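Participant: what follows is a predicted protein model with its sequence.
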Amino acid sequence: MPAPDLFVPGTLVGPYRLGSPLGRGGMGAVFAADGPGGRVALKLVASYGATLAERERFAREIDALRTLDHPGIVRILDRGTCARTGVPYFAMDLLDGEDLAAWVSRSGPLAEAAALSLGLDVAEALLHAHERGVVHRDVKPRNILILRGSGRAVLCDFGLARRVDEVSSLTRTGAFLGTPTFMAPEQFLDARKADERSDVFSLAMTLVTALSAKNPLEECRSTTELMMALCTRPIPRLEELMAPRTVARSLAEALRRALSTEPDERSTMAELRRDLAASEGSSVSIPAPRTLPLGAVLGAGRPLPRLSVVARGAAVSAPPDPGPEVRPPLRLGRASYTLHAEVAEGIFDGRDEDGRPVRVERLGAVATSPDGEARFRAEVDAFGSVLSESIVALLDSGIEGADAFVVTEPPVLPTLRGLVSERGTLPFGAAVTAFVGLVRGLRMLHEVGVVHGFLAPDSFHFRSSGRREILVLHELGIGARIGAALRAPTRQPPKRDPRSDVVQIVSALYLTAVGKVPFGASAVKARPPAHTTLSAPDPTGRSALDDLVRRTIEGKVPTLSGLATELSALLEAASV
């Protein structure tokens with residue numbers, strides 16, 4: 001890697017001035033840097049005075065990445081060579097996030113729904129790369145970034161990428177490129193044999209590790225022992241690794257097929273993606289993941305650590321300016337927030353100490369008793385353990401005196417109700433697709449023991465993420481649930497029925513596609529569709545949605561897993 005004394009904060013590399021180091025590894029060193037276009041991540045070649053082979057590998061990484069354009073893959077902005085040292089470099093997008101390995105180490109194994117969502121994100125990114133002849137060859141938890149806020153997974157290091165049809169001395173027989181405990185057997189034996197199927201194996205091994213918090217090969221004590229394990233024994237089944245926790249059979253089978261040690265018997269990436277998507281509608285039986293104490297997750301009232309990492313920029317609309325300041329900065333816990341307009345009782349738009357837009361909700365005196373404080377901390381722990389782009393990011397929380405507060409990202413666009421009122425109903429297929437993603441996120445909340453119970457059309461808004469429009473929950477409902485619990489005569493209210501969330505979600509979907517709630521009264525004065533992309537559902541879709549509403553009210557769709565299956569069936573029927 002580059003000599004440390006040659007590259008320190010303040011050093012000029014091409015037009016970029018280095019800031020703090022972000023990471024070092026066998027393929028190079030990465031720094032935050034300021035350049036003509038703003039803040040970037042700058043990666044330097046593996047070693048000062050690099051050999052010709054190393055320079056070729058570096059150049060090939062750039063060439064491979066330049067052919068890729070996908071929200072789940074890091075984007076190259078610029079390339080060049082440092083005139084002072086002759087060290088090659090390239091600039092990438094710089095965003096906040098945490099790699100999967102760090103997340104699992106901090107928070108424990110992923111819940112099944114979270115692992116499925118992450119696996120689909122990465123599989124789609126790899127499919128994009130494979131279609132352009134690029135194989136990653138080093139898929140592992142440390143190379144998968146979970147973006148702060150959206151929870152979207154990004155494949156953030158193609159340092160070992162190569163074209164499938166390329167023959168190079170860099171992949172000569174015996175070359176050892178990759179991370180052994182995540183490598184397919186054929187790649188371990190001969191790097192030249194790594195192809196799309198090798199990425200399938202590595203992604204499946206990554207998901208197994210995320211779900212079980214252990215790599216089934218990590219106990220091998222030498223490369224010889226590892227080679228024998230890879231080449232002579234099948235990979236242990238996911239059910240064995242997760243015991244006594246359980247996993248949906250469809251997911252376990254999908255990963256078993258993807259982990260075949262024989263490449264010809266292994267799933268293709270398209271098949272793995274299909275199997276993961278099918279598993280989303282399966283019955284999820286994994287219990288809630290281990291959560292950390294509030295102080296460990298949120299730093300006892302301080303904002304979550306901002307980890308600068310290399311990632312593709314999310315195409316998220318900029319939050320609206322919160323308007324003029326209406327009061328002096330308010331110090332909550334150890335952070336200071338400047339509050340602007342009060343958008344609802346106790347809810348303010350404002351900015352944090354770095355000038356970023358936030359939404360601050362003051363929950364009132366929920367911590368006047370040990371019971372109230374314990375409920376608040378449990379709620380925050382639960383939200384802190386969930387990774388989903390369909391749930392607004394919880395940035396900060398704490399207790400000031402007896403008053404609790406939470407800080408989240410602000411909504412970017414009007415609420416779902418406002419959007420339908422202003423622009424009309426969405427096409428049937430688009431509306432159902434949006435709610436499929438939302439249900440995926442809310443299932444994660446149910447898995448950690450949170451039934452929202454107060455969902456309404458004003459609880460959601462759309463935002464852009466990459467090339468998709470995502471429906472996002474921005475009202476966490478923490479104060480409402482704690483208040484209801486504290487008002488209960490016995491202070492031991494019955495556990496919330498998950499069917500309440502199912503009914504409320506179906507009601508919001510009906511509003512989105514039809515323009516009114518499904519109980520007779522008009523929810524909004526929805527205008528006729530204002531755009532060619534918006535239209536009322538066709539009679540077949542309306543009839544199917546009416547039937548779903550009826551069965552939901554009758555209690556025949558009791559869980560979000562069941563609702564996910566129902567929505568998938570609606571989409572399939574709409575596409576016929």
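Facilitator: Received the coordinates, thanks. As the structure is a computational prediction, the values presented were derived from the model and not from experiment. Residues are numbered from 1 along each chain as shown.
Participant: quick one: F348 and V360 touch, right?
Facilitator: Yes: contact criterion CB atoms under 8 Å: F348 and V360 qualify, at 4.8 Å. Bear in mind the C-beta positions are built from the backbone N, C-alpha and C, glycine included.
Participant: next, show the common contact partners of these two.
Facilitator: L339 (CB atoms under 8 Å, 6 or more residues apart in numbering).
Participant: what helix or strand is the closest residue to M183 other than its chain neighbours located in?
Facilitator: Spatially, and ignoring its direct neighbours in sequence, M183 is nearest to S202 (6.6 Å; CB to CB, 6 or more residues apart in numbering). If you go by DSSP states H and E, S202 is part of helix 196-212.
Participant: what does T565 give?
Facilitator: Per DSSP H and E: helix 560-575 holds T565.
Participant: A278 against A248, yeah?
Facilitator: No: judged on CB under 8 Å, A278 makes no contact with A248 at a distance of 10.2 Å.
Participant: the two: which has the busier surroundings?
Facilitator: Between A278 and A248, counted using other CB atoms under 10 Å, the more crowded position is A248 (21 against 14).
Participant: pretty sure the more buried one contacts E112?
Facilitator: Yes: in this structure A248 lies within contact range of E112 using CB under 8 Å: 6.3 Å.
Participant: what is the least confident helix or strand in the protein?
Facilitator: Counting by mean pLDDT, DSSP states H and E, the chain has its least confident helix or strand at helix 294-298, which shows a mean of 23.
Participant: before we move on, what SS does A513 have?
Facilitator: Per DSSP: H, G, I helix; E, B strand; the rest coil, the local secondary structure of A513 is helix.
Participant: ok, it touching G429?
Facilitator: No: the criterion here is CB under 8 Å, and A513 misses it with G429 at 9.4 Å.
Participant: these two: which has the busier surroundings?
Facilitator: Set side by side, A513 and G429 show more neighbours around A513, with 25 against 16, by other CB under 10 Å.
Participant: give me the distance between that one and S561.
Facilitator: 22 Å (CB to CB, to the nearest Å).
Participant: which helices and strands sit right next to the helix holding T565?
Facilitator: helix 428-447, helix 498-514, helix 539-553 (3 or more CB pairs under 8 Å, 6 or more residues apart in numbering; DSSP states H and E).
Participant: now the angle from that helix to helix 539-553?
Facilitator: Here helix 560-575 runs at an angle of 170 degrees relative to helix 539-553 (axes from the mean of the first three to the mean of the last three CA atoms, to 10 degrees).
Participant: any buried residues in helix 560-575, and which?
Facilitator: For helix 560-575, the neighbour count (16 or more other CB atoms under 10 Å) marks 560-568, 570, 574 as buried.
Participant: now swap in stretch 428-446 and tell me
Facilitator: Buried residues in stretch 428-446 (16+ other CB under 10 Å): 428-429, 431-446.
Participant: next: stretch 238-253.
Facilitator: Those would be 238, 241-242, 247-248, 250-252, for stretch 238-253 by 16+ other CB under 10 Å.
Participant: how about those, which pair is most distant?
Facilitator: Pairwise distances across the buried residues of stretch 238-253 peak at 16.9 Å for L241 and S250 (criterion: CB to CB).
Participant: state the distance from V247 to L100.
Facilitator: Where L100 is concerned, V247 sits at a distance of 18 Å (CB to CB).
Participant: who does R359 form a beta bridge with?
Facilitator: Beta-bridge partners for R359, by DSSP bridges, are D349, T408.
Participant: please work out how many residues are found near the closest residue to P558 other than its chain neighbours.
Facilitator: Once flanking residues are discounted, P558 sits nearest to R499: 5.3 Å by CB to CB, 6+ apart. Neighbourhood size, R499 [other CB under 10 Å]: 19.
Participant: next up, the contacts around R499.
Facilitator: By CB under 8 Å, 6+ apart, the neighbours of R499 are 552, 555, 557-559.
Participant: and the helices in the stretch 351-500 of the chain?
Facilitator: Listed in chain order, the helices of the stretch 351-500 of the chain (DSSP state H, counting those that start in this stretch) span 370-384, 416-423, 428-447, 478-487, 498-514.
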